[in-house]
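K.L.:
predicted coordinates and the sequence they were generated for:
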Amino acid sequence: MRAEESSRGTGDFDGERCLVTGGSRGLGRAIAVAFAAAGARVAITYSRDDADAEEARAAIAAVGTEALVFKGSVADSAHVDAVVRALAERWDGIDVLVNNAGITQVLPVALVDEADWDEVMAVNVKGAFLFAKAVLRVMIRARSGRILNIGNFASERMIEAPVHYAASKSALRGLTESLAREVGRYGITVNLLAPGLLDEGLARMLPEHRVKEYLEQCPAGRLGTVAELAGAALFLVSRGNSFMTGAKVAVDGGL
Amino acid sequence: MTPERLLHETTSLCGTCKNAVPAQVVESAEGEVWMQKSCLDHGPQQVRIAEDAGWYERTRLRLPDIAPPRRVATDLDHGCPFDCGPCAAHRQRARLPCVSITSACNLDCPICFIHNRNTDPYHMAEEDFARLLDQLLADEGGHLDVINITGGDPTMHPRMLALLERCRDAGIGRVSLCTNGIRLAADEDLVRRLAELDVRVALSFQSFDQATDRDMQGASLVDLKQRCLDLLEKHGVGTTLIPVMTAGLNDHEVGRIIRMGLERPNVRHIEIHTMSYTGQGGKDRPREGRTSMDAVLRRIEETTGGLLRPDHFVPSPCAHPLCYQIAYVLSDPDGGRPIPFLDFLTAEEMTAGLSGRLYLEPSPALERAVIDAIDRHWVEQREGSERTLHLLKELLGRMFPRRALSRAEALRVGETAAKAVYVHSHMDEETFDVERLIHCCDLSCTPDGRQIPICAHNVLYREREPLLAERAQPWPEHERAGGVRGLPVVAAS
């Protein structure tokens, strides 16, 4: 299933103004492409790989939208403020924020240094906080908005995952619930999507036995695709999904 | 040599007629290990098989995993080692299947321990190779970790690349091409193609000295081998160095060869063989160069400045412990002294990490062993722990970067950082020991489905094979006497 196909039936995004952090590859790119295919205006951020960003721009263009692309770290408040200010001016508002940017390291606890912890927390948690806070000024003014944080099954299940990564994804759940409670009165929803193991990214490099273990526990008996996750993401931030907030939605094949 | 103590009994071969004869393995007054035997026709014979009886006994007690072949090809008739195919007595699967795709070789090495045929040479037909692959895959449940393509020199096969493509298409984990490197050094396009096929080259490499090289290979190839290694490195072809150790000739160079292997980024393994005195060249070599597994391990310690000691090696879990010894070394990307795995893993953890394979592969046991070792060093903070942890963390960072690598890419990174040094002690008719043979995982495989332990093939079978050897003669019926019909017992005396 292609990403643009997965977005069908998730609502009309015509004219919606959607920002996806970490949108240059993987799940972030799939979500951005799905937004574009559903008629949205799309902006993505990325931190490192210019070639990936250009590929994402081309993929979004291929479904009919000229994406706005920003380079910088989500943990850099100046970058975050600049992106949101630019979009608010260009689009006169922001309807959807997907906090997708995240990093991990494959390390046992003994090798996780303070700097590793700080870096993962900065990108995965502080970055989501900074972008959410920045867009909220726009969304509260509009009395409308949808924020989606991308978690991970590592925070939902007791599995072998790097402690700082699992902790950061758990923190996103707290951030989601607390923020949903605080801004619900402005018509803003905040939800969390917790993907299982996907056929791109981490699963590609995990040793086969680790993937096999996952599949043995997974009722669907297979890995997810980024297109499937993009479809779920679009549903969660669609106008039609107006009464769900503070929710954690696992899309993990039933793990 | 005066025998002091019987270590064990076994069955060997007469060094002349190659009939099977009872043999006693004894400790000498000097603490060495000798094999003594007597042939009714050719009299008493003895050969030193280890320098250190203590090492020999300790090592021999490390029993390998028993994993008999899924398919038995031959009935017990003449007894071991004359029923190879494998027979019902064999105790190990083909962990390292070797396929001689040609009888032709472009060298005539004085140390050659096999028989070749350059007159009207045999080149395995593609359909025969396909049949052989199908059989191997069926025997191994549909997946092969490794296959070793050999010859002669396999680069002499006019359709070698087509055969290698079949290996790639079959999804074999490691395809190894065992060569002297002459064709590769002269043909960069061929090296490039091997890189594209992810074929690994097992390059014979004897010496840095021209005269020694000529003595062992019949030609001075030192410069050629370096050019070959440069091309392999340039194109990122995974490489194994294979030196054959001869006492007093090149064994003082073993440390330098290991260091070169550790320094060249594309060299993944260094597999050191002991000289075996059989085949078209080896049988006529003077025996003063004979060396043993434990002697090579000590030369390694002496010539690497103690970087690798005998106790850094463990026996392979899928071969007889006197045949394969393995050490892994963690490289330092900043050029610091490499760290042997057994400086941070226990021998038991290392053996468990090998998980019944010849090479380290990602596995739950390896993952557990490494994490346990990390925790241990972190908690105990021994001397050197900080550097070990730093190098392991650095390696994990390269294997699992932010931009995910494929498994094959991650394995390549892992093997570039964690290199293996193997010592593989081949047998000849003089040192032959059926106790070792029945545990052999290094099997010569043919299109008719036969799988013959490599030392039995080199010593007994290949010279009888008209496709592979000049003037091959069928086995006269009066030979093949004395074979073992019961299972040899592996136990301390």
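P.N.:
Thanks, I have it. Numbers count the residues shown, from 1 in each chain, chains lettered A, B, ... in the order given.

K.L.:
so which bits of chain A are right by chain B?
P.N.:
Contacts of chain A with chain B, taken as C-beta under 8 Å from any C-beta of the partner chain, map to A:48-49, A:103-108, A:110-111, A:200-202, A:204-205, A:207-209. Just so you know, the C-beta spots here come from the backbone N, C-alpha and C atoms, and that holds for glycine as well.

K.L.:
so, low pLDDT: which residues of the chain?
P.N.:
All of this is about chain A. Filtered on pLDDT under 70, chain A yields the residue ranges A:1-11, A:205.

K.L.:
wrong chain, I was asking about chain B
P.N.:
B:477-478, B:485-493.

K.L.:
report the central residue of it.
P.N.:
In chain B, the residue lying closest to the centroid (C-alpha atoms, centre = their mean) is B:His424, at 4.6 Å.

K.L.:
and for chain A?
P.N.:
A:Asn100 (2.4 Å).

K.L.:
what about that residue, distance to chain B?
P.N.:
14 Å (C-beta to the nearest C-beta, to the nearest Å).

K.L.:
quick check: what element follows the helix or strand hosting A:Ile147 along the chain?
P.N.:
Element membership for A:Ile147 (DSSP states H and E) is strand A:145-150. Sequence-wise, the next helix or strand downstream of strand A:145-150 (DSSP H and E) is helix A:163-183.

K.L.:
coming back round to it: so who does the residue nearest to the centre of chain B touch?
P.N.:
B:His424 is in contact with B:Glu271, B:Ile272, B:His273, B:Thr274, B:Cys323, B:Tyr324, B:Asp442, counting by C-beta atoms under 8 Å, 6 or more residues apart in numbering or on different chains.

K.L.:
just these that are near chain A?
P.N.:
Among these, no residue is within reach of chain A (C-beta under 8 Å from any C-beta).

K.L.:
just the buried ones from those residues?
P.N.:
For the contacts of B:His424, a neighbour count by 16 or more other C-beta atoms under 10 Å in any protein chain shown gives the buried set as B:Glu271, B:Ile272, B:His273, B:Thr274, B:Cys323, B:Tyr324, B:Asp442.

K.L.:
so which of those are in helices?
P.N.:
Using DSSP state H, no member of the buried ones among the contacts of B:His424 falls in helices.

K.L.:
and these as JSON lines, adding distance to A:Ala132?
P.N.:
JSON lines is the format used below for those (distance: C-beta to C-beta, whole Å):
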{"residue": "B:Glu271", "distance to A:Ala132": "57"}
{"residue": "B:Ile272", "distance to A:Ala132": "60"}
{"residue": "B:His273", "distance to A:Ala132": "64"}
{"residue": "B:Thr274", "distance to A:Ala132": "67"}
{"residue": "B:Cys323", "distance to A:Ala132": "63"}
{"residue": "B:Tyr324", "distance to A:Ala132": "58"}
{"residue": "B:Asp442", "distance to A:Ala132": "61"}
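
K.L.:
does B:Ser444 sit in a helix, a strand or a coil?
P.N.:
Secondary structure assignment for B:Ser444 (DSSP: H, G, I helix; E, B strand; the rest coil): strand.

K.L.:
could you measure from the residue nearest to it when sequence neighbours are not counted over to B:Glu140?
P.N.:
Excluding its sequence neighbours, the residue lying closest to B:Ser444 (C-beta to C-beta, 6 or more residues apart in numbering or on different chains) is B:His457, at 4.0 Å. For B:His457, the distance to B:Glu140 (C-beta to C-beta, to the nearest Å) stands at 19 Å.

K.L.:
higher neighbour count, those two?
P.N.:
B:His457 (25 against 18; other C-beta atoms under 10 Å in any protein chain shown).

K.L.:
how close does the more buried one get to B:Cys98?
P.N.:
B:His457 sits 8 Å away from B:Cys98, going by C-beta to C-beta.

K.L.:
got any residues that touch both of these two?
P.N.:
In the contact map built from C-beta under 8 Å, 6+ apart, the residues linked to both B:His457 and B:Cys98 are B:Ser444.

K.L.:
any idea which helix or strand comes after the longest helix belonging to chain B?
P.N.:
Longest helix in chain B, counting residues (DSSP H): helix B:364-380. Next helix or strand after helix B:364-380 toward the C-terminus (DSSP H and E): helix B:385-399.

K.L.:
now do the buried residues in that following helix.
P.N.:
Those would be B:Ser385, B:Thr388, B:Leu389, B:Leu391, B:Leu392, B:Lys393, B:Glu394, B:Leu395, B:Leu396, B:Gly397, B:Met399, for helix B:385-399 by 16+ other C-beta under 10 Å.

K.L.:
so which strand or helix has B:Glu429?
P.N.:
With DSSP H and E as criterion, B:Glu429 is part of no helix or strand.

K.L.:
could you do B:Ile149 as well?
P.N.:
Element membership of B:Ile149, judged by DSSP H and E, is strand B:146-150.

K.L.:
quick one: strands adjacent to that strand?
P.N.:
Partners of strand B:146-150 in the sheet, by DSSP bridges, are strand B:96-100 (parallel), strand B:174-179 (parallel).

K.L.:
give me the number of residues near residue 158?
P.N.:
Using chain A here. Neighbour number of A:Met158 under other C-beta under 10 Å is 7.

K.L.:
to clarify, I was referring to chain B.
P.N.:
9.

K.L.:
if I pick it, what's in contact with it?
P.N.:
B:His123.

K.L.:
ok so it is a strand residue?
P.N.:
No. Counting by three-state DSSP, B:Pro158 is located in no strand; its state is coil.

K.L.:
distance of it relative to B:Ile114?
P.N.:
For B:Pro158, the distance to B:Ile114 equals 21 Å [C-beta to C-beta].

K.L.:
on that earlier part again, the strand holding A:Ile147: partners in the sheet, and parallel or antiparallel?
P.N.:
Looking at strand A:145-150 with DSSP bridges, its partner strands are strand A:96-99 (parallel), strand A:188-195 (parallel).

K.L.:
before we move on, back to that, who's the residue nearest to the centre of chain B bridged to?
P.N.:
Beta-bridge partners recorded for B:His424 (DSSP bridges): B:His273, B:Tyr324.

K.L.:
measure it to chain A for me?
P.N.:
Going from B:His424 to chain A by C-beta to the nearest C-beta gives 27 Å.

K.L.:
out of everything not next to it in sequence, what's closest to B:Cys167?
P.N.:
B:Val175 (4.4 Å).

K.L.:
ignore what I typed, I meant B:Gln217.
P.N.:
Taking C-beta to C-beta, 6+ apart, and ignoring the residues beside it in sequence, B:Gln217 has B:Cys109 as its nearest neighbour in space, at 4.6 Å.

K.L.:
would you confirm that that neighbour contacts B:Asp284?
P.N.:
No. Contact status for B:Cys109 versus B:Asp284: not in contact, 11.9 Å apart, counting by C-beta atoms under 8 Å.

K.L.:
okay, the two: which has more neighbours?
P.N.:
More crowded of B:Cys109 and B:Asp284, by other C-beta under 10 Å: B:Cys109, with 22 against 9.

K.L.:
quick one, phi/psi of that one?
P.N.:
Per-residue torsions, B:Cys109: phi -70, psi 130 (degrees, to the nearest 10).

K.L.:
cool, and A:Gly93?
P.N.:
Dihedral angles (degrees, to the nearest 10) for A:Gly93: phi 140, psi 170.

K.L.:
what is the neighbour count of it?
P.N.:
Around A:Gly93 there are 16 other residues, counting by other C-beta under 10 Å.

K.L.:
measure A:Ala166 to chain B for me?
P.N.:
15 Å.

K.L.:
please name the residues that touch that residue.
P.N.:
Contacts of A:Ala166 by C-beta under 8 Å, 6+ apart are A:Asn152, A:Ala154, A:Ser155.

K.L.:
what do you get for B:Ala67?
P.N.:
B:Arg91, B:Gln92, B:Arg93, B:Cys318, B:Gly356.

K.L.:
closest to chain A among the residues you listed?
P.N.:
The nearest member of the contacts of B:Ala67 to chain A, counting by C-beta to the nearest C-beta, is B:Gly356 at 13.8 Å.
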